[in-house]
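Participant: Any chance you can model this:
(4 chains)
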2 protein chains.
Amino acid sequence: MHGEIAPGQALTLRGIGKEFDVSMTPAREAVRRLVAEGALFLSSSGRVSTPELTNDRIEELAALRALLEVELSSRALPRAHMALIDRLQSINMTVAEMVTKRDAVGYIRSNLEFHRTLYLRAQAPAMLAIVETVWLQLGPTMRALYGRLRRTEPPHYHKLIIAALKAGDEPGLRLAVRSDVTQGLRMLVS
Amino acid sequence: MHGEIAPGQALTLRGIGKEFDVSMTPAREAVRRLVAEGALFLSSSGRVSTPELTNDRIEELAALRALLEVELSSRALPRAHMALIDRLQSINMTVAEMVTKRDAVGYIRSNLEFHRTLYLRAQAPAMLAIVETVWLQLGPTMRALYGRLRRTEPPHYHKLIIAALKAGDEPGLRLAVRSDVTQGLRMLVS
DNA sequence: CATACCCCCATGTGATCACAAACCGCCGTT
DNA sequence: AACGGCGGTTTGTGATCACATGGGGGTATG
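Facilitator: Reported below is the predicted structural model:
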């Protein structure tokens, strides 16, 4: 999810087992779960690797993020009190720090934490779980992008999201979330 | 997915293995996958059963269906030619037949086939996969409802969906799909 | 007759093994 | 120099086993 593994990277059950000091059996179960969630790709011969997404697939996953995350933010809005907004602002400082440090994995991790923190307030666990599987599918690809990207400014749309939350402005929030989600992924399409 | 198993029904790895003439290992992998998709519930002690959904969870899954299936139908609309509409009408006759036969499992199966046939035209495999995991989560609960239900009339909203497809009426299609999805699940909330 | 306790058995977990398939690198040929 | 065939080795699969744990039924007690 955080892009620690490059797209197309091959994994072996014995290798995973050795890495975590377990036998093949738990490694297999974990891999099967991740395959079920679309986070890993299972070739017809049973070999496992991170997926290499096509442009079409990236666009579709971005559309899913937009659809679901806009809904989640909308549901979180009435429950968003000052403590939450403070917490979002604090996380956003970490995001900015990761940007200046050019830490792609740290950026993705803190960026997703920003979104997750907001969506947790929506009280919609099934919806959040689905969004997280989408993040999981995009992880390796997002890293490949942000690794290339030479950006130094912190995320602009996060500030809009926070402002809309403060103002209780639902249309503004929906637009800001949609823009934030779409913006990063639009440049993914090579 | 088709409601062949009641909510809360317990399953054992050895039992599943015996049922399909395999050892525990493939049964475990299948169960883990279904747990990952939310189709099965894994207790803290590792026991496996179909989930017993709370009202909140049912409402959330219904909202997900509405959100995603409306989008899928909207994307399918420009590609929906006469052959597809004919096929939908044919499936809809099967649905009606299942209703008169009071065959709950057959009704759920053909109803989902109706929806899947339409959504396949959307060319959005990731979105369709997610919708199917939602169907999977609702399967046992839907059966428990439709089993109680004493309905004899075929689904009204399916006709509206077909009419909107014929007319190329996108707002009408979105409304009809949303109504069809919501209607059945609204009465689930006891 | 109801309730609580306890023990045995059913059940999941993780490890290991035998086997088949497929991948990869090497060598020969053209 | 490029391509194709071949064999060794890596890899996934399914089965089986030993073990720990939790659940349910039976029994004893109030």
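
Participant: Which residues does whichever strand or helix holds A:V31 contact?
Facilitator: Assessed by DSSP states H and E, A:V31 sits inside helix A:24-36. Contact partners of helix A:24-36, identified using Cβ atoms under 8 Å, 6 or more residues apart in numbering or on different chains, comprise A:11, A:13-14, A:16-17, A:20, A:40-42, A:48, A:136, B:28-29, B:32-37. (Glycine included, C-beta is placed from N, CA and C.)

Participant: pLDDT of that helix, averaged?
Facilitator: Helix A:24-36 carries an average pLDDT of 95.

Participant: For DNA strand C, see how far away the residue of chain A found nearest DNA strand D is.
Facilitator: As assessed by Cβ to the nearest atom of the strand, DNA strand D sits closest to A:G46 within chain A, at 2.8 Å. Per Cβ to the nearest atom of the strand, to the nearest Å, A:G46 is found 7 Å from DNA strand C.

Participant: swap in A:L136?
Facilitator: 21 Å.

Participant: Remind me which helix or strand that residue belongs to.
Facilitator: Following DSSP H and E, one finds A:L136 within helix A:125-148.

Participant: helices or strands up against that helix?
Facilitator: For helix A:125-148, the packing partners by 3 or more Cβ pairs under 8 Å, 6 or more residues apart in numbering or on different chains; DSSP states H and E come out as helix A:55-76, helix A:104-120, helix A:170-186, helix B:55-76, helix B:125-148.

Participant: In TSV, list the ones you listed along with mean pLDDT.
Facilitator: Below are those laid out as TSV (pLDDT from 0 to 100):
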stretch	mean pLDDT
helix A:55-76	95
helix A:104-120	95
helix A:170-186	90
helix B:55-76	95
helix B:125-148	92
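
Participant: Tabulate the ones you listed (a markdown table), appending mean neighbour count and distance to B:T117.
Facilitator: Formatted as a markdown table, these follow (neighbours: other Cβ atoms under 10 Å in any protein chain shown; distance: least, Cβ to Cβ, whole Å):
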| stretch | mean neighbour count | distance to B:T117 |
| --- | --- | --- |
| helix A:55-76 | 20 | 19 |
| helix A:104-120 | 20 | 32 |
| helix A:170-186 | 18 | 30 |
| helix B:55-76 | 20 | 9 |
| helix B:125-148 | 20 | 11 |
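
Participant: The closest residue to A:Y107 other than its chain neighbours: which element?
Facilitator: Nearest residue to A:Y107 in three dimensions, chain neighbours excluded: A:M98, at 4.0 Å (Cβ to Cβ, 6 or more residues apart in numbering or on different chains). Secondary structure assignment for A:M98, by DSSP H and E: helix A:82-100.

Participant: Check which helices and strands that helix sits against.
Facilitator: Helix A:82-100 packs on helix A:104-120, helix A:156-167, going by 3+ Cβ pairs under 8 Å, 6+ apart.

Participant: Just the C-alphas of it, formatted as CSV.
Facilitator: What follows is helix A:82-100 as a C-alpha-only set of coordinates in CSV (Å, rounded to 0.1, in the frame of the first residue of the first chain):
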residue,chain,number,x,y,z
MET,A,82,-12.1,20.7,16.0
ALA,A,83,-10.0,17.9,17.5
LEU,A,84,-10.2,16.1,14.1
ILE,A,85,-9.3,19.1,12.2
ASP,A,86,-6.3,19.8,14.4
ARG,A,87,-5.2,16.2,13.9
LEU,A,88,-5.5,16.5,10.1
GLN,A,89,-3.4,19.7,10.2
SER,A,90,-0.8,17.9,12.2
ILE,A,91,-0.7,15.0,9.8
ASN,A,92,-0.5,17.5,6.9
MET,A,93,2.7,18.9,8.4
THR,A,94,4.2,15.4,8.2
VAL,A,95,3.1,15.2,4.6
ALA,A,96,4.8,18.5,3.8
GLU,A,97,7.9,17.3,5.6
MET,A,98,8.0,14.1,3.5
VAL,A,99,7.7,16.2,0.4
THR,A,100,10.7,18.3,1.3
